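Q: have a look at this fold, sequence not included:
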């Protein structure tokens, strides 16, 4: 399943993942031996393919019950996918971390072959996936489903919740796929909490439903509501979509971020989608285990560094009351790389897909872009301006930010709603956390970031699990625990900082081509190691966060 709850009662959906597919090294027309591989999955987890970069072809037999129009929904393929139905090309997608569709019109009843040619290589056509401080895996890394379409169908809905006085209203824009397939007189019905609206069907139909007595969504009380949409033709419901929402409002007021009128104090961790047994294809049960540990730490937020996350993880955050900073996929891109003519297009595609697919999650309180990119250059500023404008155009209901580390040189701090800085005192900087923050906030006050909310978006130190020393040398658990404790004390005592994210939740693999300063070819700054074993710093963080509501 692509979600943690049932999204259709009428539309028939067939799961195509959670089983073995046939995998062959090379492109679909290359000769080679097929081996079974689980989907979702990353081929680096399989013996013999641990370091393979290039093309891999996946295929499986699909049985269609009757002649139908089909939508095949891929949760994520890393990082380029070409999709074929019985050898005929039907879809192309770039970027591992957003979902996409492949449509098949008039598929005949019977058995068919679905083929996906996957490529995880690095090249000039890929401006977002390159050797980096996290691992870029290869494979069909998220679930796959096949949906039977009735003609005109509900492609997606975009929901915003608005409060007028004491009454909440759910405002939904309904995107219709294949609108020409709708019969004359077709109706659209929307329902939530027993309140219902019925209207004529058209693409972009907007419906508004007041929900008297609606319970608000917050980190403390994550109240959720199912909102059902149906298409009716000739008195029969032919299609439906169920979405889940929460009633809440996020806005910036001076140097504070408010949710439902109350200031947020963020206590969070940055988290990569990475696991030593599964790579980036993490089972939902393992996601839930991560959230259990994150909540036990006293955290109320997760930053999805540095890309949109699996939607099932976002569903779990909705359910658990974990606030989410979600960002597009662009980390550490230099000025010359930003001049690649594909960079803006690929970034903007990621933003459009991220917001279209994830905007209804109440847990997402802020959108982020371009972590540690060239925000100290005129080329970079033009890119930031474009992407911030696109975020606002697509969703003006959430604040916008980007994590920078360019103290003294960043020329983009006037652009975001929230200023966010990555800083590592006592790790990369030989300076106390207190002095570091004083210097940082003084400099921000003299820039376009003056008066805005400030989040410390990364702070932390590294440690190798089990490496202990009474001398507190770097890379020991002892040093990490002491350094992070001092960092958190310095951040949490300041009223002018509205949140902090520790880098990072767990140790993760980095690209082998990018390993020079990373012991074990890992980023070892995790509060837990890659197997989720607790380091000494775990209890230190828990002690600092618990009680700071």
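A: Yep, that arrived. Note that this is a predicted model, so its numbers are computed, not measured.

Q: residue 303 touches residue 270, doesn't it?
A: Yes - in this structure, residue 303 is within contact of residue 270 by Cβ atoms under 8 Å, at 4.5 Å. Heads up, the C-betas are built off the backbone N, CA and C, glycines and all.

Q: more neighbours, these two?
A: Between residue 303 and residue 270, counting by other Cβ atoms under 10 Å, residue 303 is the more crowded of the two (29 against 26).

Q: was I right about residue 381 contacting residue 375?
A: Yes - using Cβ under 8 Å, residue 381 is in contact with residue 375, at 7.0 Å.

Q: show me the domain layout of the chain.
A: In terms of domains, the chain is parsed into 13-149, 153-245, 260-458+474-507+526-545 (source: automatic domain parsing).

Q: and those, which is most packed in?
A: Mean neighbours per residue, mean count of other Cβ atoms under 10 Å, is largest over those for domain 260-458+474-507+526-545, with a mean of 20.

Q: quick check: mean pLDDT across it?
A: Throughout domain 260-458+474-507+526-545, pLDDT has a mean value of 97.

Q: over to stretch 156-173?
A: 97.

Q: just the terminal-to-terminal distance for that stretch.
A: One end of stretch 156-173 to the other measures 9 Å (Cα to Cα, to the nearest Å).

Q: could you list the low-pLDDT ranges of the stretch 51-200 of the chain?
A: Within the stretch 51-200 of the chain, no range satisfies pLDDT under 70.

Q: which parts of it are strands?
A: 55-64, 68-74, 77-78, 80-85, 88-94, 100-107, 110-119, 139-140, 144-149, 153-164, 167-177, 187-192, 195-200 (DSSP state E, counting those that start in this stretch).

Q: want to throw the ones you listed into a markdown table with distance to residue 461?
A: Shown next, in a markdown table, are the strands of the stretch 51-200 of the chain (distance: least, Cβ to Cβ, whole Å):
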| stretch | distance to residue 461 |
| --- | --- |
| strand 55-64 | 37 |
| strand 68-74 | 38 |
| strand 77-78 | 30 |
| strand 80-85 | 36 |
| strand 88-94 | 35 |
| strand 100-107 | 38 |
| strand 110-119 | 36 |
| strand 139-140 | 32 |
| strand 144-149 | 40 |
| strand 153-164 | 40 |
| strand 167-177 | 43 |
| strand 187-192 | 46 |
| strand 195-200 | 51 |
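
Q: so what's the residue count around the nearest residue to residue 263 once chain neighbours are set aside?
A: Of all residues not flanking residue 263 in the chain, residue 256 sits nearest, at 4.5 Å (Cβ to Cβ, 6 or more residues apart in numbering). Neighbourhood size, residue 256 [other Cβ under 10 Å]: 16.

Q: wait, isn't residue 256 in contact with residue 265?
A: No - between residue 256 and residue 265 there is no contact under Cβ under 8 Å: 9.5 Å.

Q: shared neighbours, those two?
A: Taking Cβ atoms under 8 Å, 6 or more residues apart in numbering as the contact rule, residue 256 and residue 265 both touch residue 498.

Q: ok, the nearest residue to residue 482 once chain neighbours are set aside - contacts?
A: Among residues not flanking residue 482 along the chain, residue 472 sits closest, at 6.0 Å (Cβ to Cβ, 6+ apart). Residues in contact with residue 472, defined by Cβ under 8 Å, 6+ apart, are 478, 479, 482.
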